[in-house]
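Asks: Sequence first, predicted model second:
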Amino acid sequence: MQASRARLFKEYKEVQREKVADPDIQLVCDDSNIFKWTALIKGPSETPYEGGVFQLAFSVPEQYPLQPPQVRFLTKIFHPNVHFKTGEICLDILKNAWSPAWTLQSVCRAIIALMAHPEPDSPLNCDSGNLLRSG
């Protein structure tokens, strides 16, 4: 647990330095719990999400970075890879393709990329996936 705290503090300092460098992501640590974070991400341009701001909730396990954080949308979103009720995200790096090289910031970037390039063949929201597959 000590290693995960050290890693999260390091990421916290990095986020403070990168605030200006990445204006599409605002990542904030809970004041009372280093294992709870929220993020505000901007919808990617040239997508239906452009102009929107989406809130994510991060729950970081004590085994981080060896295990991925749990991330979900708090903002309602119609997307094939996001469960419409729970906000759960179907993204390989949050499951079987996780690597300790990923950071909370890079997870946010990957989610923005997923918003721009959905995977309708592995949907959590079947209606959205079917709409994309049918054109």
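Replies: Everything's here; your move. Numbers count the residues shown, from 1 in each chain.

Asks: In the protein, mark out all the strands, start to finish.
Replies: For the chain, applying DSSP state E gives strands covering 25-30, 33-42, 53-59, 70-73.

Asks: Can you point out the buried residues in stretch 27-44?
Replies: Using 16 or more other C-beta atoms under 10 Å as the test for burial, stretch 27-44 gives 27, 29, 34-35, 37, 39-44. C-betas here are computed from N, CA, C, even on glycine.

Asks: for that stretch, how far is the first residue from the last?
Replies: This stretch, stretch 27-44, spans 17 Å end to end (C-alpha to C-alpha, to the nearest Å).

Asks: Begin at 35, not 1, for the rest of this chat.
Replies: Sure, I'll start numbering at 35, so the last one becomes stretch 61-78.

Asks: mean confidence score for it?
Replies: Stretch 61-78 comes out with an average pLDDT of 96.

Asks: Sounds good, over and out.
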